[in-house]
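J.: here you go, sequence then predicted model.
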Amino acid sequence: VADKIRLIPQDFFAELCEQIIQHLNHKIPGINTAELCQRIQTSGVDINIADLAKIANTLSFLFSTAARNNLSTEELLAALGSGVSTLPKHAVQVIRHVWSEQGKAIAASEDVRSEAAVGQFVDMKWKLGVAMSSDTCRSLKYPYVTVTLTVADPSGQITDKSFEMTIPQFKNFFRQFKEMASVLETV
């Protein structure tokens with residue numbers, strides 16, 4: 001991971017650390033590594049989304065573990081130990097700065113945070129389409145609904161999940177949402 005961190009310019013690394021801190025403080029649902037990766041690549045750095053996700057997971061683990069153990073900035077850097085010598089100087093400076101500025105807030109929120117491995121809903125988009133024909137059928141005129149859910153997994157990585165439903169499936173989906181809403185009204 002240290003080799004990949006070395007590739008990332010300091011400003012992008014700082015932005016990644018800030019997003020992780022905000023996620024751990026429950027201020028944002030997750031880290032949009034796809035968008036950040038695209039911006040880093042546009043700046044001329046050759047890094048892929050899988051490597052950036054590994055870096056984000058490593059930093060998230062680092063900060064959340066430090067929060068659970070209520071580490072000071074010096075204790076965090078000492079805990080990194082030999083890792084500090086392999087990390088680029090700019091990364092150590094960013095970690096030091098971010099942790100000294102916002103580490104205590106994470107420590108407080110980590111006390112309340114449950115360790116359940118459940119993702120978080122971020123957004124939903126849908127569209128109605130009609131399949132007009134196919135190679136086996138000249139006139140389908142088959143309506144469908146495409147739904148794209150944007151979710152943040154427990155580590156904070158934001159991903160899109162898309163699926164298609166027939167109109168009867170969508171009506172069942174909608175009915176279940178109405179049931180959830182009516183149950184929530186009683187709470």
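T.: The structure has been received and is ready for your questions. Numbering: from 1, shown residues only.

J.: okay, CA-based contacts and neighbour counts for the rest of this
T.: Noted.

J.: where does Ala78 sit, in terms of helix or strand?
T.: helix 73-80 (DSSP states H and E).

J.: what element comes up after the worst-scoring helix or strand of the chain on mean pLDDT heading to the C-terminus?
T.: When the helices and strands of the chain are scored by mean pLDDT, DSSP states H and E, helix 82-86 comes last with a mean of 60. Toward the C-terminal end, the helix or strand that comes next after helix 82-86 (DSSP H and E) is helix 89-112.

J.: what's the helix or strand containing Val122 in contact with?
T.: Following DSSP H and E, one finds Val122 within strand 120-131. Strand 120-131 is contacted from outside by 29, 140-154, using C-alpha atoms under 8 Å, 6 or more residues apart in numbering.

J.: which of the residues you listed are buried?
T.: Neighbour counting with 16 or more other C-alpha atoms under 10 Å marks 29, 144-145, 147-153 as buried within the contacts of strand 120-131.

J.: what about Gly44, neighbour count?
T.: 8 (other C-alpha atoms under 10 Å).

J.: I'd like the mean pLDDT over the helix or strand hosting Glu35, please.
T.: If you go by DSSP H and E, Glu35 is part of helix 33-42. Mean per-residue pLDDT for helix 33-42: 92.

J.: list the buried residues in the next helix or strand after that helix.
T.: Following helix 33-42 in sequence order, the next helix or strand is helix 49-68 (DSSP H and E). Within helix 49-68, the residues that qualify as buried by neighbour count (16+ other C-alpha under 10 Å) are 52-53, 55-57, 59-60, 63-64, 66-67.

J.: helix 49-68 packs against which elements?
T.: Using 3 or more C-alpha pairs under 8 Å, 6 or more residues apart in numbering; DSSP states H and E, the elements in contact with helix 49-68 are helix 2-7, helix 10-24, helix 33-42, helix 89-112.

J.: need the winner for burial among those helices.
T.: Highest mean neighbour count of the helices and strands packed on helix 49-68: helix 10-24, a mean of 20 (counted as mean count of other C-alpha atoms under 10 Å).
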